[in-house]
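> Have a look; sequence and predicted model below, questions after that.
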Amino acid sequence: MATQQQTKIWNTSYILLCTATILTFGHSWLLGPALPLFVRDELNGSEFLVGLVLGVFALASMGIRPLMGYWADRLNMVLMLTLGSLFLGLSGFLYLLPVLWIVFLATFLRGLAWAGLNTGGLGFLAQVAPPGRRGEAASYYTLFQRIAGAFAPAIALWLIDSPGGFNSVFLLAGFAGLGATAIAWSIPNKKGAVEGQAAVLKEAIAPLPALSLLYERSVTLPTTLQILAVTAGPAVTSFIPLYADEIGVDNIGLYFIVGGATSIILRIFFGRLIDILGRGLSIMIGMLFTMLGLALIPVYESLTFILVAGICYSIGESLTTPGTTALAIDRADALRPGAAMATFSLAYPVAQFIGAPLSGGLVEVVGYKAMYLGMIALPALGFIVTIANMSTLRKEGAPQPSEAA
C-alpha cells in the first residue's frame, strides 16, 4: 500500500496543481497577444514602447526569482504558488486603467507574481512527483501549460474584436488568476523545509542572504540544457508569421494549431518514455528533433514544410522540457527544492531575453533563412553538452523495480 501511494501521480495535490497551472498560464497566454496590441492601439505607443513593457516583465521575473526560491524553502511552496497566483490576478485588473504608468506597474507586478508562482509550482512538483515517475509527472505538468497556450491566444484575439474589447481580455485574465488562487489555497498543505512559519517569516524578511543561498548549483546542468533547448523559441513563434509574410505563405495560423496539438498529444505519451529511456537519452533525442525543426523551416518556401518543421520542433520540445525538468527535480537538494526550482525556472526568461533580440539581430544582418540555420547552433551545443555528461545522466531517471509497475 505504501509503495502504491509513493508511485501514484494523480493524487489530489497533483490534480489541483495542474488545474492552477492551466489557469495561470491561461492568464499569461491571454495577455501575450493582447498587451502589445493594447499598448500600440489604445495607448498610441510605438513598437519600442511595446518592447519596454515586455522587457519590464522579463526583468522583474528574472531579478526576483532567486529570492523567491529562498523564501519558498523557508515558508511553503503552496503559499508561494497561492500568493503568486493572487498577484497575477490583481495585475490583470490593473490593466483596466488605460494609463501608461499603470500598465508598467501592472506588468512589473505580473513579473514578480510569475516568478513566485513558477517557483512555488515547480517546487511543489518536486515534492509530490514520485521518484521513479518524475519524467511522467513533469510531462503532464507541462502539458497543462501547453493546453493553455493552444486556446488562450485565440480567445484573446476573439475577445478583442468583441464589444468588450481589451477590457474583456483583462477581466478574464484577472479572474483566471483569482481562480488559480482559490485552487492553490485548497491544495493539501505540504510542509516546507523549515518548521515554525512565523519565526521563518521574520527570518525571510531579514537582510538578504548570501548568493550561495539564492543560486542552487546542483541544477546547473538541467538549467543550462533548458536554456540551450528553448532559446530558439522566439524564432519559431514570434518570427514565423513575419517569415511567412516575407515568402508569401498564407494560413500560417495552422502552424501554431498543428504544433500545439502535436505537443499536447505527445506529452501524454512521452512522459513515461522519458522515465524509461532516462534523462540523458531523452534530452539528446529532443535536441536532435529541435535541430531538425529549425533546419526544415528555410528548406522550401511552402506551408507544408513549415508545418512539418513545427511538428519536429514540438517533438523536440516535448522531450527536452519534461526531461530537463525531471532532471532538475532529480538533482535538487531535498532541503532546498525552492532554490533549486527557482534556479531552474530562470531558464525560461533568460532564453526569452536572449532569444528574441538574437533572432531579430540575425534577421537584420543575414536574413530569415540564415537566422533559422544559425539558431541550430544552440540545440547542437545542448546535444554536445548532453553527450559530455552521459556518464552521470545515464544513471538518472531509471525507475526502481518497485516503481516500474
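Received the coordinates, thanks. This one's a predicted model, so the numbers in the text were calculated from it and none came from an experiment.

> What helices and strands are in contact with the host helix or strand of residue 27?
Under DSSP states H and E, the secondary-structure element containing residue 27 is helix 12-37. Packing partners of helix 12-37 (3 or more Cβ pairs under 8 Å, 6 or more residues apart in numbering; DSSP states H and E): helix 47-74, helix 77-94, helix 100-128, helix 134-160, helix 165-185. The way it works is simple: take the backbone N, C-alpha and C, and place the C-beta from them, glycine included.

> Quick check: which ranges of the chain have low pLDDT?
Low-confidence regions of the chain, defined by pLDDT under 70, span residues 1-6, 47-48, 51, 189-214, 394-405.

> how's it carved up into domains?
Structural domains of the chain, as assigned by automatic domain parsing, span the residue ranges 1-211, 215-405.

> possible to save these as a markdown table with mean neighbour count?
Listed next are those as a markdown table, based on neighbours: other Cβ atoms under 10 Å:
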| stretch | mean neighbour count |
| --- | --- |
| domain 1-211 | 19 |
| domain 215-405 | 20 |
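
> And the helices and strands packed on helix 12-37: which comes nearest residue 357?
When the helices and strands packed on helix 12-37 are compared by Cβ to Cβ, helix 47-74 sits nearest residue 357, at 9.3 Å.

> who does that closest one touch, helix- and strand-wise?
Using 3+ Cβ pairs under 8 Å, 6+ apart: helix 47-74 touches helix 12-37, helix 77-94, helix 100-128, helix 197-204, helix 211-214, helix 337-345, helix 347-366.

> can we see that at 7 Å?
In terms of contacts (3 or more Cβ pairs under 7 Å, 6 or more residues apart in numbering; DSSP states H and E), helix 47-74 is packed against helix 77-94, helix 100-128, helix 197-204, helix 211-214, helix 337-345, helix 347-366.

> Could you check how far that helix is from the centre of its chain?
Here helix 47-74 shows a centroid-to-chain-centroid distance of 13 Å under the convention Cα atoms, centre = their mean, to the nearest Å.

> quick one, it and helix 347-366 angle?
Between the axis of helix 47-74 and that of helix 347-366 there is an angle of 160 degrees, by axes from the mean of the first three to the mean of the last three Cα atoms, to 10 degrees.

> tell me the angle of helix 47-74 relative to helix 12-37?
Here the directions of helix 47-74 and helix 12-37 differ by 160 degrees (the same axes, to 10 degrees).

> change the start of the numbering to 14 and stick with it
Happy to do that; since the first residue is 14 now, the last one works out to helix 60-87.

> now helix 60-87 against helix 90-107, angle please.
In terms of direction (the same axes, to 10 degrees), helix 60-87 departs from helix 90-107 by 160 degrees.

> Mind putting the helices and strands packed on helix 25-50 into CSV with distance to residue 360?
Conversion of those to CSV gives the following (distance: least, Cβ to Cβ, whole Å):
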stretch, distance to residue 360
helix 60-87, 10
helix 90-107, 18
helix 113-141, 11
helix 147-173, 13
helix 178-198, 22
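
> looking at those, which is closest to residue 29?
helix 178-198 (5.5 Å).

> So which elements touch that closest one?
Counting by 3+ Cβ pairs under 7 Å, 6+ apart, the packing neighbours recorded for helix 178-198 are helix 25-50, helix 90-107, helix 147-173.

> Please enumerate residues in contact with that helix?
29, 32-33, 36-37, 39-40, 43-44, 47, 51, 55, 91, 94-95, 98-99, 101-102, 105-106, 108-109, 169, 172-173, 175 (Cβ atoms under 7 Å, 6 or more residues apart in numbering).

> next one: stretch 384-399
The contact list for stretch 384-399 (Cβ under 7 Å, 6+ apart) reads 237-238, 241-242, 244-245, 248, 293, 296-297, 300-301, 303-304, 307-308, 310-311, 372, 375-376, 406.

> Show the contacting residues for residue 33.
Residue 33 sits next to 94, 98, 193, 196, 197 when contact means Cβ under 7 Å, 6+ apart.

> Now the fourth one: closest residue in space, sequence neighbours ignored.
By the measure of Cβ to Cβ, 6 or more residues apart in numbering, the closest residue to residue 196 outside its immediate chain neighbours is residue 33, 4.4 Å from it.

> From residue 63, how far off is the one you found?
The spacing between residue 33 and residue 63, counted by Cβ to Cβ, to the nearest Å, is 29 Å.
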